[in-house]
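[1] this is a predicted model, with the sequence first.
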Amino acid sequence: MSKPAADAQKEHIPKENLYGTLVIVVLKGQHLIDNHTFYKQDPYVRLSLSGIVKRTPIDSKGGQHPVWDAELRVPIAKDAAKKNRVLELSCWSEERREDQLLGEAELDISETLRTGEFDDWIPLKLNAAQRGEIYLEMTFFA
(Lines give C-alpha, C1' and ligand atoms only; values in the text may rest on other atoms or scores of the structure.)
Protein backbone atom coordinates (compact mmCIF):
# COMPACT_ATOMS: atom_id res chain seq x y z
CA MET A 1 0.00 0.00 0.00
CA SER A 2 1.24 3.44 -0.77
CA LYS A 3 1.24 6.68 1.18
CA PRO A 4 -2.24 8.17 1.58
CA ALA A 5 -1.61 11.38 -0.35
CA ALA A 6 -4.40 11.64 -2.89
CA ASP A 7 -7.30 9.51 -1.71
CA ALA A 8 -9.47 8.39 -4.62
CA GLN A 9 -13.16 8.91 -3.96
CA LYS A 10 -15.00 7.33 -6.90
CA GLU A 11 -18.06 6.59 -4.82
CA HIS A 12 -20.82 7.32 -7.29
CA ILE A 13 -22.28 4.01 -8.37
CA PRO A 14 -25.39 4.01 -10.57
CA LYS A 15 -28.41 2.74 -8.64
CA GLU A 16 -28.95 -0.20 -11.00
CA ASN A 17 -25.36 -1.36 -10.35
CA LEU A 18 -25.49 -0.91 -6.55
CA TYR A 19 -25.29 -4.21 -4.64
CA GLY A 20 -25.44 -2.61 -1.18
CA THR A 21 -23.56 -0.55 1.40
CA LEU A 22 -20.84 -1.79 3.71
CA VAL A 23 -20.78 0.18 6.97
CA ILE A 24 -17.38 -0.09 8.63
CA VAL A 25 -16.83 1.14 12.17
CA VAL A 26 -13.14 1.51 12.97
CA LEU A 27 -13.31 1.34 16.75
CA LYS A 28 -9.82 1.26 18.21
CA GLY A 29 -6.27 0.00 17.99
CA GLN A 30 -3.96 -1.74 20.41
CA HIS A 31 -0.25 -2.47 20.66
CA LEU A 32 0.65 -0.26 17.68
CA ILE A 33 4.33 0.42 17.14
CA ASP A 34 5.49 3.83 18.36
CA ASN A 35 8.83 5.27 17.30
CA HIS A 36 8.38 8.49 19.26
CA THR A 37 10.45 9.07 22.37
CA PHE A 38 9.15 12.37 23.70
CA TYR A 39 5.53 12.52 22.53
CA LYS A 40 2.65 10.27 21.51
CA GLN A 41 1.87 9.63 17.86
CA ASP A 42 -1.30 10.79 16.09
CA PRO A 43 -2.66 7.64 14.38
CA TYR A 44 -5.39 7.24 11.78
CA VAL A 45 -6.67 4.36 9.65
CA ARG A 46 -7.04 4.30 5.88
CA LEU A 47 -9.34 1.77 4.15
CA SER A 48 -9.47 0.90 0.46
CA LEU A 49 -12.01 -1.29 -1.31
CA SER A 50 -12.58 -1.48 -5.07
CA GLY A 51 -10.82 1.85 -5.62
CA ILE A 52 -12.83 3.69 -2.95
CA VAL A 53 -10.60 5.09 -0.22
CA LYS A 54 -11.79 6.25 3.22
CA ARG A 55 -9.94 7.32 6.34
CA THR A 56 -10.71 7.95 9.97
CA PRO A 57 -10.04 11.21 11.74
CA ILE A 58 -6.73 11.40 13.58
CA ASP A 59 -6.69 10.38 17.23
CA SER A 60 -4.48 13.18 18.49
CA LYS A 61 -1.93 11.74 20.91
CA GLY A 62 -3.62 8.35 20.56
CA GLY A 63 -0.24 6.67 20.88
CA GLN A 64 -0.21 2.88 20.85
CA HIS A 65 -3.86 2.52 21.91
CA PRO A 66 -5.93 4.96 19.81
CA VAL A 67 -9.73 5.19 19.83
CA TRP A 68 -11.46 6.41 16.68
CA ASP A 69 -15.04 5.06 16.80
CA ALA A 70 -15.37 6.27 13.20
CA GLU A 71 -18.16 5.09 10.89
CA LEU A 72 -17.21 4.82 7.23
CA ARG A 73 -19.70 3.86 4.50
CA VAL A 74 -18.56 2.15 1.31
CA PRO A 75 -20.97 1.46 -1.57
CA ILE A 76 -20.53 -2.00 -3.08
CA ALA A 77 -21.13 -2.38 -6.82
CA LYS A 78 -22.61 -5.63 -8.13
CA ASP A 79 -19.50 -6.40 -10.19
CA ALA A 80 -17.19 -5.55 -7.26
CA ALA A 81 -19.21 -7.84 -5.01
CA LYS A 82 -18.12 -10.75 -7.19
CA LYS A 83 -14.53 -9.72 -8.02
CA ASN A 84 -12.89 -7.45 -5.52
CA ARG A 85 -13.70 -8.64 -2.05
CA VAL A 86 -10.49 -7.57 -0.34
CA LEU A 87 -10.54 -4.67 2.10
CA GLU A 88 -7.10 -3.08 2.40
CA LEU A 89 -6.44 -1.54 5.79
CA SER A 90 -3.46 0.56 6.80
CA CYS A 91 -2.67 2.45 9.99
CA TRP A 92 -0.60 5.63 9.81
CA SER A 93 0.90 8.17 12.18
CA GLU A 94 0.46 11.76 11.02
CA GLU A 95 3.84 13.48 10.95
CA ARG A 96 5.02 16.98 10.05
CA ARG A 97 6.88 15.95 6.91
CA GLU A 98 5.70 12.53 5.82
CA ASP A 99 3.16 10.26 7.49
CA GLN A 100 4.61 7.02 8.86
CA LEU A 101 3.12 3.61 8.08
CA LEU A 102 2.53 1.70 11.32
CA GLY A 103 1.12 -1.49 9.83
CA GLU A 104 -1.25 -2.89 7.24
CA ALA A 105 -3.58 -5.81 6.57
CA GLU A 106 -5.90 -7.27 3.96
CA LEU A 107 -9.28 -8.71 4.85
CA ASP A 108 -11.50 -10.86 2.62
CA ILE A 109 -15.04 -9.49 3.05
CA SER A 110 -16.83 -12.34 1.21
CA GLU A 111 -18.22 -13.79 4.43
CA THR A 112 -19.33 -10.34 5.64
CA LEU A 113 -21.24 -9.74 2.39
CA ARG A 114 -22.88 -13.16 2.80
CA THR A 115 -23.76 -13.02 6.53
CA GLY A 116 -24.13 -9.26 6.88
CA GLU A 117 -21.93 -8.86 9.97
CA PHE A 118 -18.32 -8.92 11.16
CA ASP A 119 -16.54 -7.75 14.28
CA ASP A 120 -13.03 -8.73 15.31
CA TRP A 121 -9.44 -7.64 15.82
CA ILE A 122 -7.46 -7.40 12.58
CA PRO A 123 -3.71 -8.01 13.04
CA LEU A 124 -1.43 -5.46 11.38
CA LYS A 125 1.92 -6.36 9.86
CA LEU A 126 4.88 -4.32 8.72
CA ASN A 127 7.82 -6.04 7.00
CA ALA A 128 6.29 -9.43 7.89
CA ALA A 129 6.31 -8.61 11.64
CA GLN A 130 3.23 -8.25 13.87
CA ARG A 131 2.59 -4.52 14.52
CA GLY A 132 -0.56 -4.29 16.61
CA GLU A 133 -4.26 -4.73 15.87
CA ILE A 134 -7.27 -2.71 14.76
CA TYR A 135 -10.81 -3.56 15.92
CA LEU A 136 -13.42 -3.38 13.15
CA GLU A 137 -17.18 -3.81 13.14
CA MET A 138 -18.80 -4.22 9.73
CA THR A 139 -22.43 -4.46 8.68
CA PHE A 140 -23.56 -5.03 5.11
CA PHE A 141 -26.91 -3.67 3.94
CA ALA A 142 -28.13 -5.09 0.60
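    Structure received. None of the values given here were measured: they were computed from a predicted structure.
[2] is the closest residue to E133 other than its chain neighbours bridged to anything, and to what?
    Spatial nearest neighbour of E133, chain neighbours left out: W121 (4.3 Å); criterion: CB to CB, 6 or more residues apart in numbering. (Each C-beta comes from the backbone N, C-alpha and C, glycine too.) Listed by DSSP bridges, the beta-bridge partners for W121 are Y135.
[3] how close does W121 get to L107?
    The gap separating W121 from L107 is 11 Å, by CB to CB, to the nearest Å.
[4] how about T115?
    Going from T115 to L107 by CB to CB gives 14 Å.
[5] circling back: more neighbours: W121 and L107, which one.
    Of the pair W121 and L107, L107 is the one with more neighbours under other CB atoms under 10 Å, namely 20 against 15.
[6] wait, doesn't that one sit right on R85?
    No - using CB atoms under 8 Å as the test, L107 is too far from R85 to be in contact (9.3 Å).
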